[in-house]
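S.K.: here is my input, please return the structure:
(one chain, ligands or ions: 1)
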Amino acid sequence: MTTITLDNLKKAYGETVIMEDMNFTINSGERLVLLGPSGCGKSTILRMIAGIEEITSGEMRFNDAVINDVTPGERNVAMVFQNYALYPHMTVEENITYGLRVNKVPEERIRERFEEVIDALDLRKYLERKPAELSGGQRQRVALARATVKDSSVFLLDEPLSNLDAQLRVSARESLTDIHERYGQTIVYVTHDQTEAMTFGDRIALLNFGELQMIDTPENIYHKPANIFTARFIGNPPMNVLENSRYAEGQIIIGSQGVEIAPSWVDYINTHANGQALYVGIRPENIGVSLTDTQNTLRGVVRNIENQGSNYANYIDLEGEIICAVTDRRVAEVGDTVYLTLDNARISFFEQNSTNNIGYPVDIEATIEKITGIHA
Ligand SMILES: Nc1ncnc2c1ncn2[C@@H]1O[C@H](COP(=O)(O)OP(=O)(O)OP(=O)(O)O)[C@@H](O)[C@H]1O
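M.R.: Numbering: from 1, shown residues only. Next up, the predicted model:
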């Protein structure tokens with residue numbers, strides 16, 4: 001099995017630097033998802049791992065071996081691209097086994113591997129068909145089968161499901177998970193779809209403009225974002241990061257209003273925030289909305305309500321800043337004055353200058369862990 005290390009990796013096209021100081025490790029046998037907006041460098045990283053994109057400087061290692069100058073063929077990686085690239089004149093069976101035959105893999109080994117893979121991907125019924133006679137999802141599975149039979153310890157996928165409809169995506173993802181459970185390769189998976197990243201990744205590496213923003217489990221990326229970019233990229237609707245908010249003397253102040261926060265937060269901020277100006281972040285589902293005022297609430301006016309099927313996204317004007325609160329039933333109407341409570345176990349504070357999350361006090365983390373089972 002293969003651990004992949006990116007050590008101070010730099011990629012430039014002439015004068016244009018796409019990324020530099022890229023450092024992270026992909027553990028042997030894990031499913032790492034590279035996620036981020038268009039142009040952030042996901043495919044470039046994948047292609048450098050595959051060996052089809054030159055590395056400008058730094059080291060790429062497979063286990064302890066530096067592979068910068070190792071040819072793609074010698075890296076023992078399998079890759080699936082967005083457009084599948086099946087041979088149109090070959091049958092499904094020929095498409096799957098062609099690469100092995102070219103590489104003169106013994107016939108017995110080809111048969112053994114082929115039989116395993118077509119069952120894992122449920123392709124036995126289609127072996128004699130040509131790609132044009134298959135649905136998008138079936139073609140996708142053939143492309144996956146062709147990559148899987150290679151017996152590689154590293155499996156690279158670049159937006160492999162992007163041409164499929166929502167239902168097919170789910171079943172193709174299940175096939176991929178089955179393959180991974182069976183063969184245990186190190187998988188690197190590129191997507192810009194956060195749902196795909198959250199459901200498929202053991203860990204997610206989130207990138208923006210060639211910089212690594214956070215690499216962690218989906219749970220931590222969602223609940224404990226390392227910085228404002230991560231907080232706003234993940235989640236739909238995303239985390240509210242209130243730019244006219246500030247922290248002062250045990251209170252979150254928004255405009256002319258203030259709410260007290262838990263004493264553990266106050267202690268934590270006093271020791272860790274170093275007098276830095278802070279923004280408050282809170283996810284829409286961690287805000288309580290009520291028509292009646294209780295203690296320690298923020299008052300706002302509902303400007304818009306989106307019916308999301310199982311939920312309602314309420315957009316509430318808090319003295320000029322819009323905050324989104326998600327409720328599971330319709331609690332107010334547009335124009336109503338509402339009172340908001342913030343779940344203290346789910347607040348984040350970000351330093352205004354660096355945009356980094358200041359972290360969480362221990363007992364808040366324990367509360368989070370009790371609710372979700374996530375270790376801090
Ligand atoms: N041959 C090239 N010459 C110059 N710049 C390039 C070249 N190839 C890619 N880039 C730039 O490198 C950056 C990263 O591209 P990359 O394809 O890795 O992004 P991505 O995150 O995979 O995007 P997408 O989700 O749109 O596929 C982009 O800004 C792109 O314009």
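S.K.: ok, now which ones touch the nearest residue to Glu159 once chain neighbours are set aside?
M.R.: The shortest distance from Glu159 to any non-neighbouring residue, by Cβ to Cβ, 6 or more residues apart in numbering, is to Gln82 (4.4 Å). Every C-beta, even on glycine, is put in place using the N, C-alpha and C of the backbone. By Cβ atoms under 8 Å, 6 or more residues apart in numbering, the contact list for Gln82 reads 158-160, 162-163.
S.K.: number of residues surrounding the closest residue to Leu242 other than its chain neighbours?
M.R.: Excluding its sequence neighbours, the residue lying closest to Leu242 (Cβ to Cβ, 6+ apart) is Val280, at 5.0 Å. For Val280, the neighbour count with other Cβ atoms under 10 Å is 23.
S.K.: which residues touch Val280?
M.R.: 241-242, 245, 247, 252, 254, 342, 347-350.
S.K.: which one of the residues you listed is nearest to the ligand?
M.R.: Val241 (23.3 Å; Cβ to the nearest ligand atom).
S.K.: can you list the residues of the stretch 101-250 of the chain near the ligand?
M.R.: His192 (Cβ under 6 Å from any ligand atom).
S.K.: and the strands in the stretch 101-250 of the chain?
M.R.: Here the stretch 101-250 of the chain has its strands, by DSSP state E, counting those that start in this stretch, at 154-158, 186-191, 203-208, 211-216, 240-242, 245-248.
S.K.: the fifth one pairs with which strands, and in what direction?
M.R.: Okay, so that is strand 240-242. strand 278-282 (antiparallel) (DSSP bridges).
S.K.: alpha carbons of whatever helix or strand comes next after the partner strand, as CSV, please.
M.R.: On the C-terminal side of strand 278-282, the closest following helix or strand by DSSP states H and E is strand 287-290. The C-alpha coordinates for strand 287-290 follow below in CSV (Å, rounded to 0.1, in the frame of the first residue of the first chain):
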residue,chain,number,x,y,z
ILE,A,287,-29.7,29.4,15.6
GLY,A,288,-33.0,29.2,17.4
VAL,A,289,-35.8,31.5,16.0
SER,A,290,-38.8,32.6,18.0
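S.K.: tell me which residues of strand 287-290 come out buried.
M.R.: In terms of neighbour count (16 or more other Cβ atoms under 10 Å), strand 287-290 has its buried residues at 287-289.
S.K.: stretch 248-265 now?
M.R.: Within stretch 248-265, judged by 16+ other Cβ under 10 Å, the buried ones are 250, 252, 254, 258-259, 261-262, 264-265.
S.K.: restricted to strands, list those.
M.R.: Applying DSSP state E to the buried residues of stretch 248-265, the entries found in strands are 252, 254, 258-259.
S.K.: could these be laid out in a markdown table, adding pLDDT and distance to the ligand?
M.R.: As requested, these are exported to a markdown table (pLDDT from 0 to 100; distance: Cβ to the nearest ligand atom, whole Å):
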| residue | pLDDT | distance to the ligand |
| --- | --- | --- |
| Ile252 | 91 | 35 |
| Ile254 | 89 | 35 |
| Gly258 | 92 | 41 |
| Val259 | 93 | 39 |
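S.K.: need the contact list for Leu32.
M.R.: Contacts for Leu32 (Cβ under 8 Å, 6+ apart) come out as 26, 186-189, 201-205.
S.K.: repeat for Arg346
M.R.: Contacts of Arg346 by Cβ under 8 Å, 6+ apart are 223, 282-283, 286, 368.
S.K.: and if we set it to 10 Å?
M.R.: 223-224, 239, 281-283, 285-287, 360, 364, 367-368, 371-372 (Cβ atoms under 10 Å, 6 or more residues apart in numbering).
S.K.: before we move on, what about Arg299?
M.R.: Per Cβ under 10 Å, 6+ apart, neighbours of Arg299: 254-257, 293, 316, 318-319, 337-340.
S.K.: on that earlier part again, separate out the buried members of the contacts of Arg346.
M.R.: Of the contacts of Arg346, these count as buried by 16+ other Cβ under 10 Å: 223-224, 239, 281-283, 285-287, 360, 364, 367-368.
S.K.: of all of the stretch 251-376 of the chain, which residue lies closest to the ligand?
M.R.: Of the residues in the stretch 251-376 of the chain, the one nearest the ligand is Thr355, at a distance of 20.8 Å by Cβ to the nearest ligand atom.
S.K.: so what's the spatially closest residue to that residue that is not a sequence neighbour scoring on pLDDT?
M.R.: Closest residue in space to Thr355, ignoring its immediate chain neighbours: Ile228 at 4.2 Å, by Cβ to Cβ, 6+ apart. The score at Ile228 is 97. That number is its pLDDT.
S.K.: what about Ile228, neighbour count?
M.R.: Ile228: 22 neighbours (other Cβ under 10 Å).
S.K.: can you show me the helices along the stretch 51-200 of the chain?
M.R.: 92-102, 107-120, 136-148, 166-183, 194-200 (DSSP state H, counting those that start in this stretch).
S.K.: if I look at the residue positioned nearest the centre of the chain, how far off is Asn356?
M.R.: Nearest to the mean C-alpha position of the chain, counting by Cα atoms, centre = their mean, stands Ala197 at 3.8 Å. Distance from Ala197 to Asn356, counting by Cβ to Cβ, to the nearest Å: 22 Å.
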